[in-house]
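In: Model the structure of this input:
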Amino acid sequence: MTTGTGRTNQKLRTRTAIVAAARTLIGTGREVTMPEIAREALVSEATAYRYFPDLPSLIGEALAGDWPSPEEALAPVADHPDPVERVAFACEFLLRGVLARQGAVRATMAAALLRPETVAARPGIRFGLIEQALAPLRASARTQEALTQLERDLAVVVSAEALFSLTDLCGLDEESAVASVVRTARTVTEAGVRAAGA
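Out: Just a heads-up that it's a prediction; the model follows:
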């Protein structure tokens, strides 16, 4: 019984060390890989894979609870009735968070491209932020269809993919890229508000 308990405790310590190492590496903003996490946790890569079947599942556990809820994130604009301003705030909040965790975000995105079945495991913070930002519009929008389309349009813009397209492909520095995506989110929201008849 004691041996079994000792083994269970050791497994728990190992798992905790791997998750803690992932969090530490994610916090640096550097590239996040299973070998790097294993090195940080002082375990072999094979051991890390025994506890987590793939990198996205480990990143998902390491990031669990790392982002605030959409309500908490948008608290500074909670009383602001203008969806354009709320979306701009939500967009910048998301992009700053992506930049702070970009090694993990890039690793998760890459895994999703190679293995689409992992997409469900990706954090969906952007959708919650968009929905919360558009909350005032729901009461006044005449057509639900236009509001649904606006949410889809914003999902394309308010995203890590948009940010990395500007930094990696267009050569913008991070600040210019954030400003560009926020400006585009404003434009899309303004058009969507008109279409929704709000």
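
In: Show me the helices in the protein, by range?
Out: Applying DSSP state H to the chain gives helices spanning 2-28, 34-41, 45-51, 55-63, 70-73, 83-100, 102-114, 125-133, 135-140, 144-157, 160-164, 174-195.

In: For the first one, buried residues please.
Out: To tie it back to what came earlier, the one meant is helix 2-28. In terms of neighbour count (16 or more other Cβ atoms under 10 Å), helix 2-28 has its buried residues at Thr14, Arg15, Ala17, Ile18, Val19, Ala21, Ala22, Arg23, Leu25, Ile26. Every residue, glycine included, has its C-beta placed from N, CA and C.

In: And the shortest one, by the same measure?
Out: Along helix 70-73, the positions that meet the burial threshold by neighbour count (16+ other Cβ under 10 Å) are Pro70, Ala73.

In: Show me what it is in contact with.
Out: For helix 70-73, the surrounding residues in contact (Cβ atoms under 8 Å, 6 or more residues apart in numbering) are Trp67, Ala78, Ala90, Phe93, Ile125, Gly128, Leu129, Glu131, Gln132.

In: Next: the last one.
Out: By Cβ under 8 Å, 6+ apart, the residues outside helix 174-195 that reach it are 83-84, 87-88, 91-92, 95-96, 99, 137, 143, 146-147, 149-150, 153-154, 157-158, 162-163, 166-167, 170, 172.

In: Since that was my last question, I'll sign off now.
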